[in-house]
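I would like the atomic coordinates for the input below:
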Amino acid sequence: MRIFLDNSATTPLDPEVLDSMTEVMRAHYGNPSSIHAEGRQARALIETARKTVANALNCSIGEIFFTSGGTEANNMALKNSVRDLGVKRIISSPLEHHCVLHSLESIEATGAAEVVMANIDERGHVDLNHLRELLADKSKKTLVSLMHANNEIGNLLPMEEVATLCADAGAMFHCDTVQTMGYYPIDLDQTRVNFLSGSAHKFYGPKGVGFIYVNNDNIIKPYLDGGAQERNMRGGTENIYGIVGLAKALEKAVAEREARARHIQQLKDHFQSRLREKYPEVTFNGDPARGHYKVLSVSFPESPKGDLLLMNLDLHGISASGGSACSSGIDVGSHVVGHLHPDSKRHTIRFSFSHHNTLEEIDTVIDKLEGML
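Next comes the predicted model:
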């Protein structure tokens, strides 16, 4: 039996989610844009799912648009804010997910907007004092784009504080919540966010479907042209069973959030404690005490076996990650860890936990590491 500790990359599909999806595949084949009975049934499923997401975030159903995932949602927020809302400067950080960083490179290359990076402190947190200094310059319409939890080291952004800073400065705020959706409560009636993204496969839903929240104050044009779907915001026939699966997965994640969080935090604390006890030279990237409870980025000392550590874990039935999963399966190293420790020759493994994991699995991983270091 394999031990899966790469839940930041993706999560296994929940059986109840799978059941909800297969029922749609079996019985609801209508095109949601058709006006006949089958089409109306399909449309009703989508709108019910939209209501589920909106209720989870305490926002209007008119502010939720389904996408193919977090990458599309983040691209849409960044590029449409420049194209449609007159944004001329984007403040972000060098530790963002590549779908944000590469989008920013694309925007900057066109000359449509300036990109400025906020400083990062030694633990991997955004320097809020520097962010305040950057926001003091109000000469250009500005969007701040910062992720809620870093996907590699887990550091959490104080979302409410950043939202307030942006509001006070008259700046817009886009938050990538792909890693935190379903894990932390987010109340968009209380926290001022202009754009927010989520992806189903990070909270035990299907791959290939996500959503973007677009605040009603922001009137943008479609990101994908081709039809009137998603209230004229995204052309293309909707992924009905994916959308239904997303809603079911999010509904379960919200309902079970506290119990899941307690269990996963216990796993993470136990893993840290046993690592420190058995391997004293091990350190941790980022700030685990102020990070996502499901993510632990472990720094192992330099050794001849270090380059084979990830492969050896896999050979022993343990799935973990050397960096972001979005590197096409090639271990090119982590740009996040590289930024924090540019000259280090230590070896980083990201372990990310699930409510499906057990303490026994954690102990097994600790014991198997002994022959690999």
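
Show me where the protein has its strands.
Residue ranges of the strands in the chain, as given by DSSP state E, are 3-4, 64-67, 89-92, 114-117, 142-147, 172-176, 195-199, 210-214, 283-284, 295-300, 318-319, 347-352.

Now do the helices in the stretch 51-200 of the chain.
With DSSP state H, counting those that start in this stretch, the ranges of helices along the stretch 51-200 of the chain come out as 70-85, 98-110, 128-136, 159-169.

And the shortest one, what's buried?
In other words, helix 128-136. Within helix 128-136, the residues scored as buried using 16 or more other CB atoms under 10 Å are Leu128, His130, Leu131, Leu134, Leu135. Using the backbone N, CA and C atoms, a C-beta is placed for each residue, glycine as well.

hey, C-alpha coordinates of stretch 159-178 in PDB?
Listed next in PDB are the C-alpha coordinates belonging to stretch 159-178 (Å, rounded to 0.1, in the frame of the first residue of the first chain):
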ATOM      1  CA  MET A 159      -5.700  38.000   3.900                       C
ATOM      2  CA  GLU A 160      -7.900  40.400   5.900                       C
ATOM      3  CA  GLU A 161      -5.000  42.700   6.700                       C
ATOM      4  CA  VAL A 162      -3.800  42.800   3.100                       C
ATOM      5  CA  ALA A 163      -7.400  43.400   1.900                       C
ATOM      6  CA  THR A 164      -7.700  46.400   4.300                       C
ATOM      7  CA  LEU A 165      -4.300  47.800   3.200                       C
ATOM      8  CA  CYS A 166      -5.500  47.600  -0.400                       C
ATOM      9  CA  ALA A 167      -8.900  49.100   0.300                       C
ATOM     10  CA  ASP A 168      -7.300  52.000   2.200                       C
ATOM     11  CA  ALA A 169      -4.900  52.700  -0.600                       C
ATOM     12  CA  GLY A 170      -7.600  52.500  -3.300                       C
ATOM     13  CA  ALA A 171      -5.900  49.400  -4.900                       C
ATOM     14  CA  MET A 172      -7.500  46.200  -6.100                       C
ATOM     15  CA  PHE A 173      -6.800  42.800  -4.500                       C
ATOM     16  CA  HIS A 174      -6.500  39.400  -6.200                       C
ATOM     17  CA  CYS A 175      -5.900  36.400  -4.000                       C
ATOM     18  CA  ASP A 176      -5.000  32.900  -5.200                       C
ATOM     19  CA  THR A 177      -6.800  30.700  -2.700                       C
ATOM     20  CA  VAL A 178      -6.200  27.400  -4.500                       C
END
